[in-house]
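Asks: This is the structure alone, sequence omitted:
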């Protein structure tokens, strides 16, 4: 069957009757569809696609996984609605000359003071509108806290979530979302397969024997990918936690500078690191090599998407790795 709404329920029912039920992504069935779309040709395409030796199937999710996934979907909707209310409050206040800093806690701290001195800035009608929006904001925040607490409780009771929480940057939210999406991960042979499915690897546009890598592909589960990127970003923005998160139990601890360097080079982003954005980290890869001038860390190898830019980027990275340099 195609993996769609209700497919996991039907798969469990068929497996209970002794059948070998398999689910396939719809985008993998589409190439085998000939002619216009109808039920008979859909069934023919599914029957032909399932016989392919390299076809990838979707594991059937259990009832517990679907329940956990439903809670995450509700939490995601609450976050979107609360963000929309916050943006509307800030925009309405800015029209009256009141600027509120971005962030939930800053709005929570500023609203009582703004509504308390409404006669100086706002009309009575606008005070009523802001007060109603403030009530919506508090209601959504309370609901979000309740759902988050429920997810954390479920994560504490799940062994797979507890193992995932030991990874730096992963908490109850990411761990439970990962378990609800892939279960025990048996569908992936290695971690790189999971990163490819999640869309965290560079998009490949290779041809003629020349390897061309672009930005991350952004395939798969966008909600889970967003959580992973935020977790990695939280680690990179806290250098004081690098030493205790750099080593794996049972292995030799790695220097925090080298670990930070490997994380920064593997981070799929094109944002330049401007001077003064973080403390300088000196990485010496060859003793006695003179350090070049400090420079911004930029993404290399994709200048204009040309082969010349790719060759120059690879040559420059090779020259940098042969000596000592600094990241600001």
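Replies: Great, that's in hand. Only a predicted model underlies this, so the values are computations on that prediction, with no experimental measurement involved.

Asks: use CA for all of it now, contacts and neighbours both
Replies: OK.

Asks: Show the pLDDT at residue 136.
Replies: What the model reports as pLDDT for residue 136 is 94.

Asks: show me what contacts it?
Replies: Contact analysis of residue 136 by Cα atoms under 8 Å, 6 or more residues apart in numbering lists residue 85.

Asks: in the host helix or strand of it, what counts as buried?
Replies: According to DSSP states H and E, residue 136 maps onto helix 124-156. Under the neighbour-count criterion of 16 or more other Cα atoms under 10 Å, helix 124-156 has 126-127, 130-131, 133-134, 136-137, 140-141, 143-144, 147-148, 151-152, 155 buried.

Asks: ok, now stretch 11-25?
Replies: Neighbour counts using 16+ other Cα under 10 Å place 11-12, 21-24 of stretch 11-25 among the buried residues.

Asks: from the middle of its chain, how far away would it be?
Replies: 31 Å (Cα atoms, centre = their mean, to the nearest Å).

Asks: neighbouring contacts of it?
Replies: Applying Cα under 8 Å, 6+ apart, the set of residues contacting stretch 11-25 is 1-3, 7, 50, 56-60.

Asks: Listing request: residues of the stretch 51-200 of the chain with sub-threshold pLDDT.
Replies: The stretch 51-200 of the chain contains residues with pLDDT under 70 at 118-119.

Asks: what ranges do the strands span in it?
Replies: When assigned using DSSP state E, counting those that start in this stretch, the stretch 51-200 of the chain turns out to have no strands.

Asks: State the distance from the residue lying closest to residue 122 once chain neighbours are set aside to residue 190.
Replies: Among residues not flanking residue 122 along the chain, residue 96 sits closest, at 7.0 Å (Cα to Cα, 6 or more residues apart in numbering). For residue 96, the distance to residue 190 equals 55 Å [Cα to Cα, to the nearest Å].

Asks: tell me the domain ranges of the protein?
Replies: 7-49, 63-165, 255-267+275-328 (automatic domain parsing).

Asks: tell me the mean pLDDT over the first one?
Replies: Spelled out, it's domain 7-49. Mean per-residue pLDDT for domain 7-49: 86.

Asks: Show the end-to-end separation of that domain, please.
Replies: Length of domain 7-49, first residue to last, Cα to Cα: 17 Å.

Asks: For my notes, confirm residue 203 occurs in a helix.
Replies: No - counting by DSSP: H, G, I helix; E, B strand; the rest coil, residue 203 is not part of a helix but strand.

Asks: residues near it, how many?
Replies: Per other Cα atoms under 10 Å, the neighbour tally for residue 203 reads 16.

Asks: contacting residues around it?
Replies: Taking Cα under 8 Å, 6+ apart, we find residue 203 in contact with 213-217.

Asks: quick one: buried residues of stretch 41-54?
Replies: For stretch 41-54, by 16+ other Cα under 10 Å, it's 42, 45-46, 49-50.

Asks: which pair in those spans the largest distance?
Replies: Largest separation among the buried residues of stretch 41-54 by Cα to Cα: 42 and 50, giving 12.2 Å.

Asks: Quick one: list the elements packing against whatever helix or strand residue 41 lives in.
Replies: Residue 41 belongs to helix 39-49 when assigned by DSSP H and E. Secondary-structure packing of helix 39-49 (3 or more Cα pairs under 8 Å, 6 or more residues apart in numbering; DSSP states H and E): helix 26-29.

Asks: Residues touching the helix it packs on, excluding its own?
Replies: Outside helix 26-29, the residues that touch it by Cα under 8 Å, 6+ apart are 2-4, 45-46, 49, 55.

Asks: I'd like the residues you listed laid out as JSON lines, including distance to residue 186.
Replies: Formatted as JSON lines, the contacts of helix 26-29 follow (distance: Cα to Cα, whole Å):
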{"residue": "2", "distance to residue 186": "20"}
{"residue": "3", "distance to residue 186": "18"}
{"residue": "4", "distance to residue 186": "21"}
{"residue": "45", "distance to residue 186": "26"}
{"residue": "46", "distance to residue 186": "23"}
{"residue": "49", "distance to residue 186": "22"}
{"residue": "55", "distance to residue 186": "16"}
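
Asks: Among those residues, which one sits closest to residue 197?
Replies: Using Cα to Cα, the contacts of helix 26-29 come closest to residue 197 at residue 55, 14.3 Å.

Asks: Spell out the residue ranges of the helices in the stretch 151-300 of the chain.
Replies: Taking DSSP state H, counting those that start in this stretch as the test, the helices found in the stretch 151-300 of the chain are 159-165, 172-182, 191-198, 222-236, 242-245, 256-266.

Asks: Out of those, flag the one nearest residue 89.
Replies: Closest of the helices of the stretch 151-300 of the chain to residue 89 is helix 222-236, at 25.2 Å (criterion: Cα to Cα).

Asks: excluding its backbone neighbours, what's nearest residue 46?
Replies: Counting by Cα to Cα, 6+ apart, residue 46 lies nearest to residue 29, which is 6.1 Å off, once chain neighbours are set aside.

Asks: Need the pLDDT of residue 254.
Replies: 43.

Asks: no wait, residue 318
Replies: So, for residue 318, pLDDT stands at 53.
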